[in-house]
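Asks: give the three-dimensional model of this entry:
(chains A and B)
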Amino acid sequence: AQSVSQHNHHVILSEAASLELGCNYSYGGTVNLFWYVQYPGQHLQLLLKYFSGDPLVKGIKGFEAEFIKSKFSFNLRKPSVQWSDTAEYFCAVRGGSYIPTFGRGTSLIVHP
Amino acid sequence: GAGVSQSPSNKVTEKGKDVELRCDPISGHTALYWYRQRLGQGLEFLIYFQGNSAPDKSGLPSDRFSAERTGESVSTLTIQRTQQEDSAVYLCASSLETGSRLEAFFGQGTRLTVV
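Replies: Numbering: from 1, shown residues only, chains lettered A, B, ... in the order given. Purely as a prediction, here's the structure:
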């Protein structure tokens, strides 16, 4: 069975700080990986996805993630966060199942 | 429609009553998912529909939960004899399932409170 682990449950940063959110998954075969964001009062929306090819994936709003197969990881990064990045971030994996499995989420608070 | 639509957005019900939650997926999306999100928790898979295939009900927590989907359109999630532990946000998502278009698009959710 596939599973996802997000190590940081709560992250607090100041504006302009760099961000890295950890995501590890367990599944031995081919995977599709996703990062979703949920801004306060809004629905979950896709930030970026890895399907195949270049393991460094760029998404919206300056976010990127790197798929490292040997580490079963798909960490999310942003070089300089803004107050508007305050949100809940979810990592998800689709492996052998057609059903995306989500991590518990990371709450990010950015202080102006 | 432009996005996944869920109704109602909020529902307060008395313990023991039945509730029905509705989801309108994006037109043309063949896959539809229901998830549950309890306060402070991640997304818990409930049920998955794909085209005319038999649904994957492996995530339904008890036989009080059931869901239907009409073709590739509307889905309803029914919870019978609601309990307080059923209180959560119920999320619906749909996806195109073509090529690399595998990402799920989510609705706003239905916040269910059982009192």
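Asks: what about residue 51, neighbour count?
Replies: Picking chain A for this. By other CB atoms under 10 Å in any protein chain shown, the residues close to residue A:51 number 17. Every C-beta, even on glycine, is put in place using the N, C-alpha and C of the backbone.
Asks: chain B, not that one
Replies: As a burial measure, residue B:51 scores 11 neighbours (other CB under 10 Å).
Asks: try residue B:103
Replies: Counted with other CB under 10 Å, the neighbours of residue B:103 add up to 20.
Asks: near chain A, which residues of chain B show up?
Replies: Counting by CB under 8 Å from any CB of the partner chain, the positions of chain B adjacent to chain A are B:3-4, B:31, B:33, B:35, B:41-43, B:45, B:48, B:50, B:56, B:59, B:91, B:93, B:97, B:100, B:102-109.
Asks: what subset of these is buried?
Replies: Buried by 16 or more other CB atoms under 10 Å in any protein chain shown: B:4, B:31, B:33, B:35, B:42-43, B:45, B:48, B:50, B:56, B:59, B:91, B:93, B:102-109, out of the residues of chain B next to chain A.
Asks: give the contact list for residue 2.
Replies: Picked chain A for this. Contacts for residue A:2 (CB atoms under 8 Å, 6 or more residues apart in numbering or on different chains) come out as A:25-27, A:31, A:93-97, A:101.
Asks: oops, wrong one, chain B.
Replies: residue B:26.
Asks: go on, residue B:113?
Replies: Residue B:113 is in contact with B:10-13, B:87, counting by CB under 8 Å, 6+ apart.
Asks: now do the buried residues in the host helix or strand of it.
Replies: Per DSSP states H and E: residue B:113 is located in strand B:110-114. By neighbour count on 16+ other CB under 10 Å, the buried set for strand B:110-114 is B:110, B:112, B:114.
Asks: can you read off the pLDDT for residue 28?
Replies: Here I'm looking at chain A. Per-residue confidence (pLDDT) for residue A:28: 83.
Asks: sorry, I should have been clearer: chain B.
Replies: pLDDT at residue B:28 comes out at 90.
Asks: and residue B:1, by the same measure?
Replies: 52.
Asks: still on that earlier bit, what is the nearest of the contacts of residue B:113 to chain A?
Replies: Closest approach between the contacts of residue B:113 and chain A, by CB to the nearest CB: residue B:10, at 12.9 Å.
Asks: pull stretch A:58-78 out as PDB, backbone CA atoms only.
Replies: Taking C-alpha atoms only, stretch A:58-78 is exported to PDB below (Å, rounded to 0.1, in the frame of the first residue of the first chain):
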ATOM      1  CA  LYS A  58       8.300  24.000 -11.300                       C
ATOM      2  CA  GLY A  59       4.800  25.100 -10.300                       C
ATOM      3  CA  ILE A  60       2.800  28.200  -9.700                       C
ATOM      4  CA  LYS A  61       3.900  31.200  -7.600                       C
ATOM      5  CA  GLY A  62       7.600  30.400  -7.600                       C
ATOM      6  CA  PHE A  63       7.300  26.900  -6.000                       C
ATOM      7  CA  GLU A  64       9.300  24.000  -7.200                       C
ATOM      8  CA  ALA A  65       9.800  20.400  -6.100                       C
ATOM      9  CA  GLU A  66      12.400  17.800  -6.700                       C
ATOM     10  CA  PHE A  67      11.700  14.100  -7.100                       C
ATOM     11  CA  ILE A  68      14.500  12.000  -5.700                       C
ATOM     12  CA  LYS A  69      13.600   8.400  -6.500                       C
ATOM     13  CA  SER A  70      16.400   6.900  -4.400                       C
ATOM     14  CA  LYS A  71      15.200   8.700  -1.300                       C
ATOM     15  CA  PHE A  72      11.400   8.300  -2.100                       C
ATOM     16  CA  SER A  73      11.100  12.000  -1.600                       C
ATOM     17  CA  PHE A  74       9.400  15.000  -3.200                       C
ATOM     18  CA  ASN A  75      10.300  18.000  -1.200                       C
ATOM     19  CA  LEU A  76       8.700  21.400  -1.900                       C
ATOM     20  CA  ARG A  77      10.900  24.500  -2.100                       C
ATOM     21  CA  LYS A  78      10.600  28.200  -2.500                       C
END
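Asks: I am finished for the moment; much appreciated.
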